[in-house]
Structure formats: structure tokens, C-alpha cells
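# sequence plus predicted model, see below.
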Amino acid sequence: MLFARRTSVLAAATAALIASFGLVAVPAHAASAPAFVQQGSAHKGGAASLAVTPASAVTAGNRLIVEVGIWNSSSATAASVTDTAGNTYTELIHFAASEHTELSVWSAPITAGGGTKPTVTVKPTSTADVGLAVLEYSGLSTAAGVAAMDVHAQTSGTTSGAGTVASGPTPATSGDGELAVGFYADSGFGATLGGGSGFTLRTAISNASDMELAVEDAAVGAGVAENAAFTTAANTTWLAATIVFRPASAANPTAPAAPTGVAATAGNAAATVSWTAPPDGGSQISSYTVTPLAGGVAQTPTTVSGAPPATSVQIAGLTNGTSYTFTVTATNAVGTGPASAPSNAVIPSTTTNGQWSALATWPVVAVHSVVLDSGKLLVWDGWETPEPTSVYDPAAKTFTTVTAPSSIFCSGNAKLPDGRVLVAGGYGVTTTGNLGLTDASVFDPAGQTWNRVASMNSPRWYPDLVELPDGRFVAISGNSSSASAWADTPEVYDPAANTWTSLSKISTPQIHEEEYPFSFLAPNGKVFTIGPAEDVSYWLDASALTWTPVGASGITNGSAVMYRPGRILYTGGAQSVITTTPARAGAATIDLTSASPAWTPIAPMHYPRVYHTLVTLADGRVLAVGGAPSSDQTQVTTGVLPAEIWDPATGAWSVIGSLAAARTYHSTAVLQPDGSVLVAGGGHEDSLSNPGQYSAQVYSPSYLQSGARPAISQTPAAAYYGTTFSVGTQDAASISAVNLVSFGADTHQADMDQHFVPLTFTAGPGALSVQAPANGGMTPPGDYMLFIVNSSGVPSMAATVHIGPQPSVPAAPMAVQATAGNASAIVGWTAPDNGGSPITSYTVTPWTAGSPLAPTTVTGSPVPTTANVTGLTNGTAYTFTVTAANAAGTSAASAPSNSVTPSVAVVPAFVQQASTHVANVSSATVSTGQPVRSGDRLVVEVGVWGPGSPTASGVTDSAGNTYTELTHFTASDHTELSVWSAPITGGGASPVSVTASTTAPADVGVGVLEYAGLSTAAGSGALDVQAHATGTTGSSGGSVASGATTAVSGANELAIGFYADSGFGDALGPGVGFTQRVNVSSTQDMEFVVEDQLPAAGATPSAAFTTGARTTWLAAAVVLRHG
């Protein structure tokens, strides 16, 4: 996601230099205590260099500390710091903010120029706004280079309101009597700066339009994590850092001690070696040297450098079949320490790395990848409205395209408990003008259809979507109207009620991300959310409505995975994903099941990487795949090709084989039911015209080359919390693990469905007795992959098991309505709560004179909520009751329906409806939720508005039925309302998808209704009479109407009322005497209503509607003949 950069104008090169240098009285201190002596500062716009001269002579043996702030639109940096005495300055840190400002800190022991006033000069890499602060301290270490620095921390961000910002805590300090110095910079927002609590402010350049700086300090003891804070203004992009300096009294540094805990893991002609860092001897370790030994003979060593250097490395160039041990030495500014004890012996071989398949060409860049219960994948790219999606069949290597209702690019995506796919939010710029969308949609794999569901309360782009323990879903954060506005109120979707509820007592302004936050459901039922850019983490409690901080990880913009229940691995990343910054290799974990969860640094990855994906494998190890060497999102064909695996049991990283193609920003990786990992996508960072990786590759871990797989012969379709269930296998005696793994739902380094749960079990003859998870915090309701793993580490093919609460029988169906036909009746009802298990059938029982007759059973997938009950006697009155059945049994009967009397004369009856509304498209598609019936009639309302007065050009459906336009007319604002209809001659017994096309891109609304008992005449032969009108309401809303039709020609005809407007945000309603069937209102694109009634012969029906003020509207009444 790319954001607008702040634009600033460099001050004229002739702007006055503003400089000051202050001298303070130095209080009495012990000889070794660090003490502030003097400071000076300057700032200038458009400077090629900037200098400060101290007011008083400096003292040999003291230390100069220099803060430099630099900004220009070309990302200038500090090239050098020098002084006229010739002291040698070392750059201790440097980092950049999102709008290119750089803060760097330099330091030098005063070895020359004592007793003089040496001028300190900074030079940027190009002309820029520059700020310079120079401070002299006594009592600090005089070690050269970086040896005087103990620990440090740094961060950047943008304020939304005036307040306090901070660098983030440093690692624990190593000794007493040290000095913490805090640094702040911004590129000139006119802020009034202040110091933090416990610090003394030494320098403050405030209220400037070029560069603003602040420096503060505080004495600090051993074992302290310091965190320098500053006060600044609203809407300010800032940088802050803390550096802790060693005192002069610290012992002279020595070479490091020997590394400990050296461990090796074999690879293919390689080995991964890890170790524990030794005491550094008082000077930061700058490198390690790893030496392989074969038969006791030292081989070519490998040097590992960095700041700090990694404590693991892959050693390549080894000989397969040869035994090796490894020793490690550490080096600092003083020298190299002794060698470690040798590692364990390992023998490299060809089978340890797993295998990569050949690269396969794909027709889509898989920015989103969701694994379906069938093992197929639902994938999609971005930047299109509506968004084409593809169902990929790995067995057949085929793609089936199904278009989503709207843009679902950068939406939240997760799987519903019944295996369907829920997406929330998306890219709204081309439709609503907002960056985010309120849209939510569901993909049903059974029919490969998309359908809109209830819209969210807030538009969201890049939201998290996480299932809660009760099967509801919470949407967290995401951009709302623009790149600088976020949806800070989470909201919860209830699939059963199809409603969104805002958690109005919670606000999440701490996670204003450039990308997605990362959220995970913890075993305690709370949601743990990471803010990658800010390095923050929080608990969200959707029940108690609380939002509680947890702490910083030390990782920014990394990738995360929950590799065990409540245990998170977070790796890599980069300082910023807005400006190009180098990738990092760091890693950290947190155990959310502990009493006081806290992040713990662990061994880093072998390769720095950002935009990589972490995938938990079938055996519980974690694959880190893909990523880029920097945060430049335009990188597509160059990236980090070697993948690596982390073993939670040892904490070690092992490098495996390399990808055939880079997988950088917008790539995905998911575990498949066969235990392999499918890796795809990358590219298209800000449009489809950018380069993209139209390919995929499959990684087969080494466990798939380690012997025969155990086989699962039987599992239950469902297992319930806290119960035991049986898994049939002839390999029971060899099984060492049973693992429950979520089906993947990955995008942008975030698998929003991620759970890996080891299950306890006992083995018996031909079966395992497995303990299901205790509750929905461990595994929220849904379908999971179940792997059994043998003692050789080889997993089975996954079986699909539904995990959830113990089901009960459904509730009784509701709102049963009957419509008489000829010796028949159409009965419809509302589906009840399913009791935690899908409804498999309904039974409809006719009653006459208090006695039940032969029932009718309704089945299907999904099961329809209407039935045509035949074999009735004309002239006899009937009522109907309905029961629902699921795996737990049959519900109580519903309340009786209304009484109906079948007759030869057929009475039209409403069957079902579906609707959609989409902005700025050339077509819109909506699918019926239930199968349609041959002999019924489909009636379609189409509303169209757009520049150039586009109109509806045609209506078609997936069954090939032929539609006739019955009426069309336009309003003064060029909105068109048209009505189309077709007798159902094709597609009976299956749902159909109806598509309305337009002459040019437009806002389109489509309502599709199925009726029984209407004429099946082709063309306009079913039309009796019609009327229509348009207008604009005044300053208050009210009732509008189509006007009266001419007289209806016979009894048992159907009058249908249609309303449309182009999106005035009105709350619409039906007219008196009509039954509302469709109501799409309070939108900003197309609003419409459909209603119906049975008029008497000779009536002149007028369809009325309620609408809002100042609304240009269209209304029609269309009367159709009965069958």
C-alpha cells in the first residue's frame, strides 16, 4: 500500500542561520560519573553543510556527541561529521522516517584540540534542510568506534494529536554509572518540543520550518531498559532514539569470551550452525568466525558480521556423507577470543532440504490465497472492480473464474465455520471514492458462487478479520476514507444473524498501519493484535470491550505466525515500508498463555527479509519463504530466494533449497492437505500495469521424502469440544503426533485463520483415541486439517474434521407462509438456528381438519426454505407445519402457517429474492440463494446511473433463460429504471446467476425475484398493465408513487412495485397494502425497493414508497398475468 508523501519546500538557501551554544556550570561529580558540559545547535534550510563552534574550549578526554537531522525530497543522508581539530567521529545509528527525514547520531572521544574550540561540520549527501546539535560530556568512555555505546533503541511515527512520543525501550543496560541520551528530530512542523519524564532537556530547536531537534539525558544504572520520550505537536512525523553510553570508569575492554551452546543441523552439502553469544569483554562483538572440522582438520572458515552479528549461519560447500563438527570464535574492537567447544557432529546429505517443484505458469497473481475444504484454492489479484477470483484445482491444474460482487482487493479474508469464505472490506477508490469499502461478501465453494452479505458499519481497506471463540468474526482497523484515516472502532460479524455490531467502547488508534495489523485468537478467548509499523501489541477483549497494551517486540514490519496455541513467532521486516529501508533478520516470540506475556528475542533468521510469509508445516515447524532484501515494494524479480525452517523445539533456523522465482510484496504461501506448501504471487504493488509474478511453486518438506506416509482410514465428520473421538489408522502404533491445522487464508504475510493445535491421544488396535480441543479459544468453530505424524516425522494426508461445540437439534422453523395453487401449495419459511450443526433437511406436513397428511421432505446443498407441496384437494383448507433436521436430530414443529384453499385458479406466490449494488462497473451479477424451479418466472429490476447517461443493455443468466425488457424510463438526473422478466425454462433445481450489463461503466443495482403461479408466456406476453413516474422530493421526505395503472384485466394477477434512486443515502420503505420483498437503501450508489400485492380484477394499483428529502426518484407498477 503506497501512501502520499508529505511535501515540503526547502527554505531559501539564503535563509538566516540560527545557532546558539550554551555553557553550564558543571556540578561536582565523582571522577567517573558522566556529566553534561556544554551544547550548541544550528539549523538551516537548503544547506550544503552546517557547522557549530563551541562557546568554550573543549577538554581532552571528554566526548563529543552529535545529533544530525536531514530532510529533502531525494532522501538525503548525513555523509560525514568532522571537526577542525581532527577528532574521529563514528556514526552510531541512523534511520529514516516515512517522509524521508533521517536522524543520525555521531560521536568522538576528544583526542585532539583540547583547550581549543574546534568547529564541528556536517555534510549531507545533497542540499537539504539540516539540523545539528553538538554536546560535550565528561566521564564517558574514551573507547574508539562504537565501543563506548552499550545499548540503543530507535523508532519513528506520525502523531494524530499533540502528545508524547518515545524511542521504545532499549535492551537492559550492562553496567552502573552509564548515561542515557535521548534524541528527537522532525523536518520542521512548527512544533514546540519538550523533554520526557526523568530526563534533563539539553537541546531544543522548536517552532522551526526546516529542522527541529531535541536532546536529553539521564543517569542510568545496570539492568535498566531506558526509553527517551519527548512532547511534540499533532500531525507530526517524528523520529526518536535512545543511546546508552558507557562511563569512563568502566574496565578496559577485552576480547570476547568463547561462544557457548554451539549446535549444528545437517543440510544438503551444507549445515546450519547456531550458538549463544558470549560476554563481549566490554566492547560490542563485531563478528563471529565459524570453522568446520572434518576428521579433526580445520576447513575454510566463514565470517559472520553485523551490528550485532547473527548467532547462526549456514555453512555451504560441505561434502555429503562426511562428518563435521564446528567451532566458533567472537571478535570485538580489542581482538578475537578463544574458540568454543566443538558442536555436535553432523553428516550433510541430499535428503534434508525437501524439494521444490518446477515453476508453474499461472493466469493470476495470487495476492490472496485461501485453501478450501476440497483442497482447491480460491485466489485473487487486485485493482479491479468487481474483482475476478479463480478456483484453482491442484490435481487437475485448472482455473475456474468466478467474479466477486465488488472489489475485494486487500480485504480481510477468513473461513466461516461451514467452510465458506468470508471477505470484508476492499478497495473503494474507483467506486465510493473512499479508500476502504463497507462491503462484505461470502464465497460458497459448493456452487462456486459469490454473494453479498450485510455491510460493515465502517469502510475498511487492509483490515484484519479474526474468528472469535463463538464463531463470530471481528474486523480490526483498516483505512477508511483515505490513507490518513483509519477505522478505529472494531466491529463483529454474526454469520447466523447476518449483522455487524460495532464495539463502540474500543478504539485502536495505536495500530495505524501502512499494511495489515496481525491478529490472532488466543486460548483465553481474547484477540492478540500486533501493530507492525509502530512495534506495539495489544489485547482486544470483545466480551469485556477492552483494549490493553502488551509490549514491544523489537521487530517492525515483520511477518508473524501462531505456531502453537497462544505462541507467536515474529520475524524479519524493515524499519519502514513507506521509504526504502533494509530488511532485517531478527526474530522474537511471545507466549500468550503465560501470566505476564512478554516478547523474547530469539536466534535471527539467516537471511534478512521483509514481505516474507511464515507457514506452520504439518509437523509443527515453521517455514519462512520469500521476502525482499529491502522494503522497496516495486521489487518483483529480485528477492530472497533461499527459504529456511525454524524448529520450535531447538530454536534453530535451517536454510533449505531456494525458490525458482522471487516472492516479494503481494506474495502468498499456504499449507496444502498433502503437507506441501504452495507459494505464489508477488508484484502489482500499485496497479495491474506494474510487473507481477504469474507463477507458483510447490515446496515438499523433507518429511515427504522420509519414508511411507501413515494413512487415515476413518475420521468423524465432526468432533466436539472436550470430547474424545476416534481416528482409524493401521499405523496407530507408530504415530507420535496428531496435529490439527487451520486451512490457510493468507494475504500480505497474514494468515487470518491460523491455528496449529497438537492433540493428545492414545493408540489402540487400528485406531487412535484423540482428545478434542477444550474450547473455542483453542480452535474456533470450523473445518480443520487433521494430520497424524509417525515416529519418522512423516505426516499423513490430512483428513477434514469439523471442530465445534456439541450440537443440539435445530430450533423450530419460523414465519411459515403458504400460497395456494392448483391442487398444491407453495410453502416458505425462515431458517432457524441450526444448533451448531448444518441443517440437512426440512419436513413440511400439511394439516386439514386437525389431522396431518403425508409430509414432503426438502433436501439440497444448501437446503431450500421453500417447498411445492402437491397432491392436495382443491376446495379443501390446509395449514402447514415445518420441522428442521441436523446431525443431532429433528426440531420441534413450527407454528402452523396461514390457512389456504387450493383451487383450479392459480394464485401467484413469491418464492425468493437476491440483490446487489456495485459502483462504476459495466455489469453486475447476483446469484439466487436457493435452486429455482422450472415453470416459475424471474423478474429483474435494474437501476443504472453514470456519466454519459448509460442504460441497461441486457439481462442474462447462467441457465440461458431469455429475458424481455418490460419497461424502462429515466429521471432528470439520468438514472434509468428498467424491469426485465423471463419464464424459467432452464436451470430448474439449481441456483442461477443473473447478470445485468450496461452500455458504459455505471453504478448498478440489481434485484432478482422468483415467483410461482405467473404466466409462462414468452416475451411480453405475461404483462397485463403498467404505470411509472419520476420526480424529486422537497425539503422533507415522504411518500412517492408510480401512479395508477389502467384496470387489471382479471383476478389472481400480481402487481409488482419498483423504486430506484442513484444513491442519496435514504432509508426507503414500502407502500401501504404492498409486501416488501427487496430493500437496498442508505447507500451512496444505487438504492431500490421491490414490493408486491394481489390486486382485485378491475383494480388500478399504484405502487407507493417512502423516501428521503431532495431525492430524485423513479417508481413503477407492473402487473403480470397468472399462470
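That came through fine. Fair warning: this is a prediction, and the values are worked out from it, not measured in the lab.
# make it CA atoms for all contacts and neighbour counts henceforth
Noted.
# hey, what's Gln355 bridged with?
Gln355 has these beta-bridge partners by DSSP bridges: Ser700.
# confidence score at it?
Per-residue pLDDT puts Gln355 at 85.
# now for it, how many residues are close by?
Gln355 is flanked by 19 other residues according to other C-alpha atoms under 10 Å.
# can you offset everything so residue one is 30?
Sure, I'll start counting at 30 from here, so that last one is Gln384.
# strands along the stretch 230-379 of the chain, start to end?
Ranges of strands in the stretch 230-379 of the chain, per DSSP state E, counting those that start in this stretch, are 241-249, 258-261, 266-274, 289-295, 299-305, 316-323, 326-327, 331-334, 341-345, 354-360.
# neighbouring strands - and their directions - for the second one?
Strand 258-261 has the following strand partners under DSSP bridges: strand 192-195 (antiparallel), strand 223-224 (antiparallel).
# could you point out which element follows the longest one?
Toward the C-terminal end, the helix or strand that comes next after strand 192-195 (DSSP states H and E) is strand 207-215.
# pairing partners for that following strand, with directions?
Its sheet considered, strand 207-215 pairs with strand 241-249 (antiparallel), strand 266-274 (antiparallel) by DSSP bridges.
# what mean pLDDT does it have?
Strand 207-215 shows a mean pLDDT of 96.
# centre of the chain to the edge, which residue is at the far end?
Gly904 (60.2 Å; C-alpha atoms, centre = their mean).
# isn't Ile764 up against Val823?
No: taking C-alpha atoms under 8 Å as the definition, Ile764 is not a contact partner of Val823, at 9.3 Å.
# when these two are compared, which one has more neighbours?
Looking at Ile764 and Val823 with other C-alpha under 10 Å, you find the greater number of neighbours at Val823, namely 26 against 21.
# any idea how far stretch 110-119 is from the chain center?
Relative to the chain's own centre, stretch 110-119 is displaced by 48 Å; criterion: C-alpha atoms, centre = their mean, to the nearest Å.
# for stretch 1063-1078, same thing?
47 Å.
# gap between the two ends of it?
With C-alpha to C-alpha, to the nearest Å as the measure, stretch 1063-1078 spans 36 Å from end to end.
# report the buried residues of it.
Going by neighbour count (16 or more other C-alpha atoms under 10 Å), the buried part of stretch 1063-1078 is Gly1066, Val1069, Ala1070, Ser1071, Gly1072, Ala1073, Thr1074, Thr1075, Ala1076, Val1077, Ser1078.
# repeat for stretch 108-125
Going by neighbour count (16+ other C-alpha under 10 Å), the buried part of stretch 108-125 is 110-112, 114, 116-125.
# again with stretch 1043-1050
Quick answer for stretch 1043-1050 (16+ other C-alpha under 10 Å): Leu1043, Ser1044, Thr1045, Gly1048, Ser1049.
# greatest separation within those residues: which pair is it?
Leu1043 and Gly1048 (13.4 Å; C-alpha to C-alpha).
# before we move on, back to that, anything in contact with each of Ile764 and Val823?
Listed as contacting both Ile764 and Val823 by C-alpha atoms under 8 Å, 6 or more residues apart in numbering are Pro739.
# okay, now the domains of this structure?
Split into domains by automatic domain parsing, the chain comes to 65-274, 289-360, 440-581, 582-734, 747-833, 843-919, 938-1149.
# endpoints of the shortest one, how far apart?
Start to finish, the residues bounding domain 289-360 are 14 Å apart (C-alpha to C-alpha).
# same check, this time on stretch 692-699
This stretch, stretch 692-699, spans 13 Å end to end (C-alpha to C-alpha).
# show residues contacting it.
Contact with stretch 692-699 is made by 395-400, 639-644, 654-657, 662, 664-666, 668-670, 706-714, 722, 773-778, as judged by C-alpha under 8 Å, 6+ apart.
# quick one on the thing from earlier: among the buried residues of stretch 108-125, which pair sits farthest apart?
Maximum pairwise distance among the buried residues of stretch 108-125 (C-alpha to C-alpha): 29.7 Å, between Ala114 and Ala125.
# so which residues of the stretch 30-179 of the chain form strands?
Counting by DSSP E, counting those that start in this stretch, the stretch 30-179 of the chain has strands at residues 47-52, 64-76, 79-81, 92-100, 107-112, 119-125, 131-138, 149-153, 157-167, 178-187.
# which strands or helices does the last one pack on?
When contacts are defined as 3 or more C-alpha pairs under 8 Å, 6 or more residues apart in numbering; DSSP states H and E, strand 178-187 packs onto strand 119-125, strand 266-274.
# quick check: can you name the pairing partners of it and their directions?
When DSSP bridges is applied, strand 178-187 pairs with strand 266-274 (antiparallel).
# how distant is the strand it pairs with from the center of its chain?
Mean-position distance between strand 266-274 and its chain equals 30 Å (C-alpha atoms, centre = their mean).
# that strand vs strand 131-138, what angle?
Angle of strand 266-274 versus strand 131-138, following axes from the mean of the first three to the mean of the last three C-alpha atoms, to 10 degrees, is 20 degrees.
# who's in contact with strand 266-274?
125-128, 132, 169-170, 177-188, 194-197, 199, 202, 207-216, 255-258.
# now with 6 Å, please.
In this structure, residues lying in contact with strand 266-274 by C-alpha atoms under 6 Å, 6 or more residues apart in numbering are 177-187, 196, 207-215, 257.
# how about stretch 841-853?
With C-alpha under 6 Å, 6+ apart as the test, stretch 841-853 has contacts from 854-861, 898-903, 920-923, 926, 929-933, 935-936, 938.
# next step: the residues you listed restricted to strands.
Ala854, Ile855, Val856, Gly857, Trp858, Thr859, Val898, Thr899, Ala938 (DSSP state E).
# and the buried ones among the contacts of stretch 841-853, selectable in ChimeraX?
In ChimeraX syntax, the buried subset of the contacts of stretch 841-853 is picked out as below (16+ other C-alpha under 10 Å):
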select :854,855,856,857,858,860,861,898,901,903,920,921,922,923,926,929,930,931,932,935,936,938
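# please name the bridge partners of Ile1085.
Beta-bridge pairing of Ile1085 under DSSP bridges involves Asp1121, Val1147.
# make sure it is actually in contact with Asp1121.
Yes: under the contact definition of C-alpha atoms under 6 Å, Ile1085 touches Asp1121, with a separation of 4.3 Å.
# for the residue lying closest to Ala114 once chain neighbours are set aside, the count of nearby residues, please.
Using C-alpha to C-alpha, 6 or more residues apart in numbering and skipping the chain neighbours, the partner closest in space to Ala114 is Gly142 (4.9 Å). Neighbour count for Gly142, taken as other C-alpha under 10 Å: 17.
# how close does Leu222 sit to Asp780?
For Leu222, the distance to Asp780 (C-alpha to C-alpha) stands at 41 Å.
# neighbour count winner among the two?
Asp780 (35 against 21).
# ranges for the helices of the stretch 530-679 of the chain?
Taking DSSP state H, counting those that start in this stretch as the criterion, the stretch 530-679 of the chain contains no helices.
# the strands in it, which residues?
Under DSSP E, counting those that start in this stretch, the stretch 530-679 of the chain gives strands at 547-550, 556-560, 565-570, 575-578, 588-593, 596-600, 616-620, 629-631, 642-645, 651-654, 671-676.
# rebuild the ones you listed as JSON lines, extending it with mean neighbour count.
Supplementary listing: the strands of the stretch 530-679 of the chain in JSON lines, determined by neighbours: other C-alpha atoms under 10 Å:
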{"stretch": "strand 547-550", "mean neighbour count": "29"}
{"stretch": "strand 556-560", "mean neighbour count": "24"}
{"stretch": "strand 565-570", "mean neighbour count": "21"}
{"stretch": "strand 575-578", "mean neighbour count": "15"}
{"stretch": "strand 588-593", "mean neighbour count": "25"}
{"stretch": "strand 596-600", "mean neighbour count": "24"}
{"stretch": "strand 616-620", "mean neighbour count": "20"}
{"stretch": "strand 629-631", "mean neighbour count": "15"}
{"stretch": "strand 642-645", "mean neighbour count": "28"}
{"stretch": "strand 651-654", "mean neighbour count": "26"}
{"stretch": "strand 671-676", "mean neighbour count": "20"}
